[in-house]
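# Below is the sequence, then the predicted model.
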Amino acid sequence: MPIETRYEDVTSHDGATFAAFCAIPDGASAPGVLVFQEIFGINDNMRDLATRLAEAGYLALVPDMFWRIEPRFERSDESGMADAMAVVQKFDRQNGVKDIAAAHEHLLGMEACSGKVGAVGFCLGGALTFACAAHSRVDGRGIDAGVAYYGSAINDMLGAVAEVECPMMFHYGERDPFIPAENIDAVEQAVATLPVVEFHRYDAGHAFSNADAPSMYDEAASDLAWQRTLDFLARHLR
């Protein structure tokens, strides 16, 4: 199906605007999916993931979570790791949660959105997905499903598990050098209390779904996790 892509202007809680890449499927209204970036910003990998979601029939919106630090920050692969880590160090989580809520509200307000919204995030975005599920509410309603890929900062947020009201799926690599096995175990144990949760581990490292980072990408793990993600979203958003 034909896919339209463009950037949307999202209004923040403090009246400023920030960019969000949008991929829109052809046809009638569709469930929305917030896509949360890795530390490399909204790069080709994130735009491709959003487009793939649109091809699967979802209205995908990728908010620029680094806009308060460097608007449209973008690096393509491992060569930009130092730059990306420097930006992450300046990221303010409180404002980040408010920007998540602004993007959530914007997506719900788009004419092409059917009214259901999920979230999918990778690396930093995995933690942002968890934060979205726990804290983002529009007219008292949270997202309808969340999928978090290898979010190392989720461990810092486990006190908010009780605030998560939607079905959740988690993906982790068992050989992740940035997330110790005991941290993955801690997340699995904490989220086991959720009414609907799926937890998957793969024989892979960190960022195994990032096709733009050759030293990290694992095609088999990525393909399996993506199919599980699409199946999960279909169950809870359609």
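Cool, got the structure. As the structure is a computational prediction, the values presented were derived from the model and not from experiment.

# Which helix or which strand is home to L49?
In this structure, L49 sits in helix 44-55 according to DSSP states H and E.

# meant to ask about H106, not that
Element membership of H106 [criterion: DSSP H and E] is helix 93-109.

# got the CA positions of the helix holding L49 in CSV?
What follows is helix 44-55, C-alpha atoms only, in CSV (Å, rounded to 0.1, in the frame of the first residue of the first chain):
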residue,chain,number,x,y,z
ASP,A,44,17.4,6.1,8.6
ASN,A,45,16.8,3.1,10.9
MET,A,46,14.0,4.8,12.8
ARG,A,47,12.4,6.2,9.6
ASP,A,48,12.5,2.7,8.1
LEU,A,49,10.9,1.1,11.2
ALA,A,50,8.1,3.7,11.1
THR,A,51,7.6,3.1,7.4
ARG,A,52,7.5,-0.7,8.0
LEU,A,53,4.8,-0.1,10.7
ALA,A,54,2.8,2.0,8.2
GLU,A,55,3.1,-0.8,5.6
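
# which other helices and strands contact it?
In terms of contacts (3 or more CB pairs under 8 Å, 6 or more residues apart in numbering; DSSP states H and E), helix 44-55 is packed against strand 3-11, strand 17-25, strand 30-36, strand 59-63, strand 113-122. C-betas here are computed from N, CA, C, even on glycine.

# List the residue ranges of the protein that fall below the pLDDT cut-off.
Applying pLDDT under 70 to the predicted model, the residue ranges of the chain that meet it are 1.

# Now with 80, please.
Across the chain, residues meeting the criterion (pLDDT under 80) sit at 1, 27-28.

# Quick one: residues in contact with the helix ranked longest in it.
Of all the elements of type helix in the chain, the one with the most residues (DSSP state H) is helix 219-237. The set of residues that contact helix 219-237 without belonging to it, under CB atoms under 8 Å, 6 or more residues apart in numbering, is 31, 33, 52, 56, 58, 116-118, 120, 144-145, 147, 149, 166-167, 169, 171, 173, 196, 198, 200, 202-204, 208-209, 211.

# can we see that at 7 Å?
Contacting residues not belonging to helix 219-237 are listed as 31, 33, 56, 58, 116, 118, 120, 144-145, 147, 149, 167, 169, 171, 173, 198, 200, 202-204, 208-209 [CB atoms under 7 Å, 6 or more residues apart in numbering].

# now do stretch 65-77
Stretch 65-77 is contacted by residues 18-19, 36-37, 40-44, 64, 83-84, 87, 90-92, 95-96, 99, 128, 212-213 when judged by CB under 7 Å, 6+ apart.

# at 8 Å instead, please
With CB under 8 Å, 6+ apart as the contact definition, stretch 65-77 has outside contacts at 18-19, 36-37, 40-44, 64, 81, 83-84, 87, 90-92, 95-96, 99-100, 124-125, 128, 212-214.

# Identify each buried residue in it, please.
M65, F66, W67, R68, F73, E74, R75, D77 (16 or more other CB atoms under 10 Å).

# hmm, back to that, what's the closest of the helices and strands packed on helix 44-55 to H106?
Proximity to H106 (CB to CB) singles out strand 3-11 among the helices and strands packed on helix 44-55, at 4.6 Å.

# Could you export the closest one as PDB, CA atoms only?
The C-alpha atoms that make up strand 3-11 are tabulated as PDB, following Å, rounded to 0.1, in the frame of the first residue of the first chain:
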ATOM      1  CA  ILE A   3       2.900   5.200   2.300                       C
ATOM      2  CA  GLU A   4       3.000   9.000   2.900                       C
ATOM      3  CA  THR A   5       5.900  10.200   5.000                       C
ATOM      4  CA  ARG A   6       6.400  13.700   6.400                       C
ATOM      5  CA  TYR A   7       7.400  15.600   9.500                       C
ATOM      6  CA  GLU A   8       4.700  16.900  11.900                       C
ATOM      7  CA  ASP A   9       5.100  19.800  14.300                       C
ATOM      8  CA  VAL A  10       4.100  18.800  17.900                       C
ATOM      9  CA  THR A  11       3.300  21.400  20.500                       C
END
